[in-house]
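1. just coords:
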Ligand SMILES: Cc1cc2nc3c(=O)[nH]c(=O)nc-3n(C[C@H](O)[C@H](O)[C@H](O)COP(=O)(O)OP(=O)(O)OC[C@H]3O[C@@H](n4cnc5c(N)ncnc54)[C@H](O)[C@@H]3O)c2cc1C
Ligand SMILES: Nc1ncnc2c1ncn2[C@@H]1O[C@H](COP(=O)(O)O)[C@@H](O)[C@H]1O
């Protein structure tokens, strides 16, 4: 059994963002990278599946600059067996179709039985790469899973719909799943496993060998949203702030007298 | 400009997001036809062509067959735009259409600019203007970004599609949200805890503030996913929708799925260390402070 996980490195969303010189995306120069939150659930599910099956290989893949190898090491420390880094300093300029095509060009002849991706990336948020990849690999895809159970060659998954409703579906391998928050509890890498991960294979392949697709969408501009709201911002000493807030609540709401 | 709007139905009921695709088409001035896998007993109100396949024939979850039917309709209609909701239905189906047609998809559209689309990025801290490079574009719309001004009226001209149920993915059933727990919709004050509380022990300071204000405490999704609070306390698209007199969001960034569940509250206060947190877009007051210091201080003062 061969399992593929696709992960993306993203900045912390609490960061103060600055735009790049071209004004097409944020500048990641001063931003620390971390694993896309949704992808942590993908990694965990792959490892749990391997633990259940006993014999299986888990390959973690990421497209991006050399920096993304740091995030890949976390996946290796969580338990992935080896890493495939597709080196691309301009991955942020690629559209979802190109990213999916690059991954498919690598994975196409490797006969993966299961692929896990996140349902969306936190920065781009297109929610496309997983489904496109499944299509390119000729696999069925089930999106937004919050439950995964493997029994023999059948997989039962729960898809999350709106308002707390879930849909249960069953399908055989091979298949691709896009993982939603809460699917499982991603493990923290332990120190011995972090050490062990350093010796695991992590190869880098140049994106130029794999990229054949043209972009179907391009970014014309990235900007900050116009401030709507017009709400009040209170800053300063905590004691003063509590007083200010209580005065406002007394004035504007009926909940405190 | 011609648009094909993809309406949604679940368990025999038309979903309201369907009308948001119609609102979008009206706004950009596109001529619209609709596609629905649903039921004749609950059709969208609009004057135009509706391609209808019965969900009894297609199945409750059958993206492959839905795609096959859609491609038939697209062939007939030749739309330049194919419009879906950015919902569990839309984000599952849209990339399949885009791939089959080899055209671009633009996800979670909130606005448009010429023929380019505006979408959020980085938890709504940025906006990206995206241009399709293909003749046809598939778009998904952020929930709530477009809505009809008037109640929808009209009767569609129906063209029936005949479907086959065959699929690799077998539909087993639905699982409803657990009943019981707390009914947040009755609370006049809700103080909600987000991931910013850092650890489960800090839920106590959120709860204490809720208590002194005579309200209930709520939570964002990560707090519930981590089992720090029960699911009935979750506010948002996959939790409860609330509109109390006062909503205090503590350590909550303000992701769209959370905002959808609380932005109709009468008065909104946010406590956040990040001055730029997107919760600021809906908050009447944003207090830039560490909740670990601010909340106990506020509670103590209110107790006096
Ligand atoms: C399909 C779908 C459905 C979803 N449904 C829901 C839903 O129903 N409800 C929901 O809530 N989410 C939902 N989500 C998740 C949503 O996208 C966000 O991931 C989630 O709301 C983030 O929760 P948060 O704001 O608590 O955490 P974060 O986004 O991590 O924000 C934490 C905030 O705390 C602040 N902070 C940190 N430390 C402190 C401190 N000491 N004092 C004060 N502030 C601090 C930070 O600045 C930050 O703004 C859904 C997502 C998807 C894709
Ligand atoms: N550069 C990338 N490298 C590897 N996987 C990616 C990359 N970009 C996106 N993905 C995967 O595709 C999912 C959806 O991303 P997106 O379509 O950008 O929202 C992510 O959760 C990842 O699993």
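-> In hand now; what should we look at? Since this is a predicted model, take the numbers as computed values, not measurements. Ligands and ions are numbered 1, 2, ... in the order given.
2. Report pLDDT for the closest residue to ligand 1 within the stretch 1-150 of chain A.
-> Among the residues of the stretch 1-150 of chain A, residue A:14 lies nearest to ligand 1; the distance is 4.5 Å by C-beta to the nearest ligand atom. Where you see a C-beta, it was placed from the backbone N, CA and C, and this is true even at glycine. According to the predicted model, the pLDDT of residue A:14 comes to 92.
3. State the number of residues packed around it.
-> Taking other C-beta atoms under 10 Å in any protein chain shown as the criterion, the count of residues near residue A:14 is 15.
4. so what's residue 81 scoring on pLDDT?
-> Going with chain A. The predicted structure lists residue A:81 with a pLDDT of 98.
5. Switch to chain B, please.
-> Residue B:81 is assigned 98 on the pLDDT scale.
6. Please work out the average pLDDT along stretch B:34-43.
-> Confidence for stretch B:34-43, expressed as mean pLDDT, is 96.
7. got it, and stretch B:208-226?
-> Model confidence over stretch B:208-226, given as mean pLDDT, is 97.
8. Go through that stretch and flag the buried ones.
-> Within stretch B:208-226, the residues that count as buried by 16 or more other C-beta atoms under 10 Å in any protein chain shown are B:208-213, B:215-225.
9. same deal with stretch B:275-290?
-> Buried positions in stretch B:275-290, judged by neighbour count with 16+ other C-beta under 10 Å: B:276-289.
10. my read: residue A:201 touches residue A:73, true?
-> No: shown here, residue A:201 and residue A:73 do not form a contact pair, counting by C-beta atoms under 8 Å, at 11.8 Å.
11. Determine how far stretch B:57-68 lies from the middle of the whole chain.
-> Between the mean C-alpha point of stretch B:57-68 and the mean C-alpha point of its chain there is a distance of 22 Å (C-alpha atoms, centre = their mean, to the nearest Å).
12. next one: stretch A:43-61
-> With C-alpha atoms, centre = their mean as the basis, the mean position of stretch A:43-61 lies at 17 Å from the chain mean.
13. Report the buried residues of it.
-> Buried residues in stretch A:43-61, counted by 16+ other C-beta under 10 Å: A:43-50, A:56, A:58-61.
14. Could you tell me which residues of the stretch 51-200 of chain A lie near ligand 2?
-> Proximity of the stretch 51-200 of chain A to ligand 2 is confined to A:61-64, A:91, A:96, A:99, A:117-118, A:120-121, A:124-130 under the rule C-beta under 6 Å from any ligand atom.
15. Contact residues of chain A facing ligand 1?
-> Going by C-beta under 6 Å from any ligand atom, the residues of chain A near ligand 1 are A:14, A:181.
16. biggest strand in chain A by residues?
-> In terms of residue count, the longest strand belonging to chain A (DSSP state E) is strand A:141-151.
17. residues in contact with residue A:107?
-> Contact analysis of residue A:107 by C-beta atoms under 8 Å, 6 or more residues apart in numbering or on different chains lists A:4, A:61, A:115, A:133, A:137.
18. Identify, from those residues, the entry nearest to chain B.
-> Nearest to chain B among the contacts of residue A:107, counting by C-beta to the nearest C-beta, is residue A:133 at 9.3 Å.
19. so that closest one sits right up against residue A:103, yeah?
-> Yes: with contact defined as C-beta under 8 Å, residue A:133 counts as touching residue A:103 (5.4 Å).
20. what touches both of those two?
-> When contacts are counted by C-beta under 8 Å, 6+ apart, residue A:133 and residue A:103 have residue A:6 as shared neighbours.
21. hang on, the earlier thing: now, which of the residues of the stretch 51-200 of chain A next to ligand 2 lie within strands?
-> Per DSSP E, the subset of those in strands is A:61-64, A:117-118.
22. Among those, which one has the most neighbours?
-> The member of those surrounded by the most neighbours (other C-beta under 10 Å) is residue A:117, with 31 neighbours in all.
23. Residue A:127 is in contact with that residue, correct?
-> No: shown here, residue A:117 and residue A:127 do not form a contact pair, counting by C-beta under 8 Å, at 9.9 Å.
24. joint contacts of the two?
-> Taking C-beta under 8 Å, 6+ apart as the criterion, residue A:117 and residue A:127 both touch residue A:178.
25. secondary structure class for residue B:22?
-> Under the three-state scheme (DSSP: H, G, I helix; E, B strand; the rest coil), residue B:22 adopts helix.
26. since we're on it, how many residues are nearby?
-> A count of neighbours around residue B:22, defined by other C-beta under 10 Å, yields 24.
27. what does the model give it for pLDDT?
-> As summarised for this prediction, residue B:22 has a pLDDT of 97.
28. Spatially nearest residue to the residue of the stretch 1-150 of chain A closest to ligand 1 (excluding sequence neighbours)?
-> Counting by C-beta to C-beta, 6 or more residues apart in numbering or on different chains, residue A:14 lies nearest to residue B:274, which is 5.1 Å off, once chain neighbours are set aside.
29. Show the contacting residues for the one you found.
-> Taking C-beta under 8 Å, 6+ apart, one finds A:14, B:253, B:288 in contact with residue B:274.
30. what sits against residue 46?
-> Just so you know, I chose chain A. A:3, A:5, A:58, A:80, A:114, A:116.
31. Wait, chain B was what I had in mind.
-> Residue B:46 makes contact with B:22, B:32, B:34, B:152-154, B:156 under the criterion C-beta under 8 Å, 6+ apart.
32. Name the nearest residue to it, sequence neighbours excluded.
-> Across the structure, with C-beta to C-beta, 6+ apart as the measure, the residue nearest residue B:46 apart from its sequence neighbours is residue B:154 (4.6 Å).
33. A helix includes the one you found, no?
-> No: counting by three-state DSSP, residue B:154 is located in no helix; its state is coil.
34. So what's the residue count around it?
-> Burial of residue B:154, expressed as a neighbour count using other C-beta under 10 Å, amounts to 10.
35. what separates it from chain A, distance-wise?
-> Taking C-beta to the nearest C-beta, to the nearest Å as the measure, residue B:154 falls 26 Å from chain A.
36. shouldn't that residue be in contact with residue B:50?
-> No: in this structure, residue B:154 sits apart from residue B:50 without contact. The criterion is C-beta under 8 Å, and the distance is 10.2 Å.
37. pLDDT below threshold where in chain A?
-> Segments of chain A classed as low confidence (criterion: pLDDT under 70) are A:228-229.
38. Scan it for its longest helix.
-> Longest helix of chain A, by residue count under DSSP state H: helix A:37-53.
39. next one: chain B
-> Criterion DSSP H: the longest helix present in chain B is helix B:63-77.
40. could you say what helices and strands that helix packs with?
-> If contacts are counted by 3 or more C-beta pairs under 8 Å, 6 or more residues apart in numbering or on different chains; DSSP states H and E, helix B:63-77 sits against strand B:2-6, strand B:31-38, strand B:49-54, helix B:55-58, helix B:90-101.
41. and it, average pLDDT?
-> Per-residue pLDDT values across helix B:63-77 average out to 97.
42. which outside residues touch whichever helix or strand comes after it?
-> Next helix or strand after helix B:63-77 toward the C-terminus (DSSP states H and E): strand B:81-85. In this structure, residues lying in contact with strand B:81-85 by C-beta under 8 Å, 6+ apart are B:1-6, B:8, B:15, B:17-18, B:20-21, B:24-25, B:28, B:30, B:74, B:90, B:93-94, B:97, B:136-141, B:143.
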